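Undergrad: Okay, predicted coordinates and the sequence, questions at the end:
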Amino acid sequence: MVADEDDIPGYSRSKFPHWITQYGTCDICEVTPRRDGRDVVQDDQCRAVSVTWYSEYNGKTITSASGIDIDHVVPLKEAWRSGASQWTTPERRAFANNLADSQLIAVSAGSNRGEGDKDPGNWEPPLQSYWCTYSRAWISVKATYQLTANRPRPKLCPRCSTPATSDPTRRHRPETLSGELPEYRTNPSVP
């Protein structure tokens, strides 16, 4: 639903319990890079010790876990402004840890911090060829969670009517993964 969004008081990241355990000792911060990286080697505590990531936002190749962040495509504060303020804590937990939709992506730390809590009207990925995929992911997350959205920014959206260089069905996943991944839990109440 397209609607104006106001800065709703009461936001705190702690209202979105995030980085929940997915399996064993592996939490979202460790599972997402494994999903998005190539040749990922993890230690017995699930930390990436060897990996290559391609940051979709700016096209940089990163080989150190300290160089990546896990981005919420729709930032938590933006979700709060557009409807999540009315959700229960379990609903906000599910949103903040959603690996099934396009909500989480491993990107360069600098590009994630540049996005902050901005929406596409105020920020777009530095890599112009990713704008359409980013816009589609944004819209998909907003629609999935029935969050409001501002009117689209013309700079991003007209290009999306033509085929993008990135495949929107990819959901930020590389063509091949290093090893099989377990099924992800998107409902935190399910063991």
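TA: On my side now, so go ahead. Numbers count the residues shown, from 1 in each chain.
Undergrad: For the longest strand seen in the chain, give me every contacting residue.
TA: Longest strand of the chain, by residue count under DSSP state E: strand 48-54. Contacts of strand 48-54 with the rest of the structure, by CB atoms under 8 Å, 6 or more residues apart in numbering, involve 30, 33-34, 36-43, 60-63, 65, 67-68, 106, 174. Every C-beta, even on glycine, is put in place using the N, C-alpha and C of the backbone.
Undergrad: tell me which strands and helices the helix or strand following it is in contact with?
TA: Sequence order places strand 61-62 as the next helix or strand after strand 48-54, per DSSP states H and E. Applying 3 or more CB pairs under 8 Å, 6 or more residues apart in numbering; DSSP states H and E, we find strand 61-62 packed against strand 48-54.
Undergrad: partners of the strand it packs on in the sheet?
TA: Here strand 48-54 has these sheet partners by DSSP bridges: strand 38-42 (antiparallel), strand 61-62 (antiparallel).
Undergrad: Quick one: mean pLDDT over the longest one.
TA: If I follow you right, that is strand 38-42. Across strand 38-42, the average pLDDT comes to 91.
Undergrad: Let me know the outermost residue of this structure.
TA: The C-alpha centroid of the chain is most remote from Asp44, which lies 25.4 Å away (CA atoms, centre = their mean).
Undergrad: Pop out the phi and psi values for that one.
TA: The phi and psi torsions at Asp44 (degrees, to the nearest 10) take the values phi -70, psi -10.
Undergrad: same question, Arg136
TA: Per degrees, to the nearest 10, the backbone of Arg136 is at phi -60, psi -40.
Undergrad: How about Leu104?
TA: phi -110, psi 140.
Undergrad: who are the neighbours in contact with it?
TA: Contacts of Leu104 by CB under 8 Å, 6+ apart are 28, 32, 70-73, 97-98, 172.
Undergrad: how much space is there between the most centrally placed residue in the chain and Val141?
TA: Centroid-nearest residue in the chain, with CA atoms, centre = their mean: Leu104, separated by 2.4 Å. To Val141, Leu104 is 10 Å away according to CB to CB, to the nearest Å.
Undergrad: any shared contact partners between the two?
TA: 73, 98.
Undergrad: before we move on, back to that, I'd like to know which of the contacts of strand 48-54 are buried.
TA: Buried members of those, scored by 16 or more other CB atoms under 10 Å, are 30, 33-34, 36-37, 40, 42, 60, 62, 65, 68, 106.
Undergrad: Quick check: the farthest pair among those?
TA: Gln42 and Lys60 (21.7 Å; CB to CB).
Undergrad: And Ser64, how close does it get to Ser102?
TA: 25 Å.
Undergrad: now the helices for this structure?
TA: 28-36, 76-81, 89-96, 109-115, 131-144 (DSSP state H).
Undergrad: how about a markdown table for these, with distance to Lys15 added?
TA: Listed next are those as a markdown table, based on distance: least, CB to CB, whole Å:
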| stretch | distance to Lys15 |
| --- | --- |
| helix 28-36 | 17 |
| helix 76-81 | 8 |
| helix 89-96 | 6 |
| helix 109-115 | 20 |
| helix 131-144 | 18 |
